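> Return a 3D structure for these sequence lines:
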Amino acid sequence: MDLGTLISKANKYKQILKNTELYREAWHKDIKPKLTETLGKMVEEIKFPKAEVIVRDNFENLESVTLDLGRSSSGIYENLEGTEVKRVMVKSNGSLIYQQLFNGKIMVMILSPNIEGYGQPKPPMTVEILRPDELNTSFVIRHMELFLNDITEWEDFDDDQPSKSPTIGFNPIGFHHDGQEEG
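From the prediction side, this is the model:
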């Protein structure tokens, strides 16, 4: 019986299954402890207030290591009608998350800050998905830089920033929208 490429496809599938087991083993043996230590050292060096490295392991082989910047008062208060009581609006300060996927690979995500009750929080931004052997300290530093950029941009939000998208169409310098040249 000629099975064509079925045997090579079946072998590839078996290798993927074996990789999942190897990746899960690497998470427990190397990655989780290394991430916990590296992020902990970064928190100490940077002196993040309220920062905490949290290991979530209630689902085996779907664990995560998270650098969580905690929650704080947003400085915004809701005046409750008919009372002198004010309710503080709480701000979540953002997180850098390393989530173990079902196949043992590691998804890196950034959770931007948000203020509860004020707009919709942004969904987590997926930075990348890595095999355990790809994740090293230089990657974690790069992820931390991306995280710092994200939370800084959030805190410094300003609609006066120039648009990041390119202008489409002809827009010559020195001309008004009505086609008249500037004097």
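
> How about residues contacting the helix or strand hosting residue 154?
Residue 154 is part of helix 137-155 when elements are defined by DSSP states H and E. The contact list for helix 137-155 (C-beta atoms under 8 Å, 6 or more residues apart in numbering) reads 34-35, 38-39, 42, 67, 69, 93-94, 96, 108, 110, 112-113, 125, 127, 130. All C-beta spots, glycine's among them, are computed from the backbone N, C-alpha and C.

> Would you show me how to pick out the buried ones of those residues in PyMOL?
Applied in PyMOL, the following selects the buried portion of the contacts of helix 137-155 according to 16 or more other C-beta atoms under 10 Å:
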select buried, resi 34+35+38+39+42+67+69+93+94+96+108+110+112+113+127+130
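
> In the helix holding residue 154, which residues are buried?
By neighbour count, and taking 16+ other C-beta under 10 Å as the criterion, the buried residues in helix 137-155 are 139-140, 143-144, 146-147, 150-151.

> Just the CA coordinates for it, please, in PDB.
Listed next in PDB are the C-alpha coordinates belonging to helix 137-155 (Å, rounded to 0.1, in the frame of the first residue of the first chain):
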ATOM      1  CA  THR A 137      17.500  36.600  29.900                       C
ATOM      2  CA  SER A 138      18.000  38.900  26.900                       C
ATOM      3  CA  PHE A 139      14.400  38.100  25.700                       C
ATOM      4  CA  VAL A 140      13.100  38.800  29.200                       C
ATOM      5  CA  ILE A 141      14.900  42.200  29.200                       C
ATOM      6  CA  ARG A 142      13.400  43.000  25.800                       C
ATOM      7  CA  HIS A 143       9.900  42.000  27.000                       C
ATOM      8  CA  MET A 144      10.400  44.300  30.000                       C
ATOM      9  CA  GLU A 145      11.400  47.200  27.700                       C
ATOM     10  CA  LEU A 146       8.200  46.600  25.700                       C
ATOM     11  CA  PHE A 147       6.200  46.500  28.900                       C
ATOM     12  CA  LEU A 148       7.700  49.700  30.200                       C
ATOM     13  CA  ASN A 149       7.000  51.400  26.900                       C
ATOM     14  CA  ASP A 150       3.400  50.300  27.000                       C
ATOM     15  CA  ILE A 151       2.700  51.400  30.600                       C
ATOM     16  CA  THR A 152       4.500  54.700  30.000                       C
ATOM     17  CA  GLU A 153       2.500  55.400  26.900                       C
ATOM     18  CA  TRP A 154      -0.700  54.600  28.800                       C
ATOM     19  CA  GLU A 155       0.200  56.900  31.700                       C
END
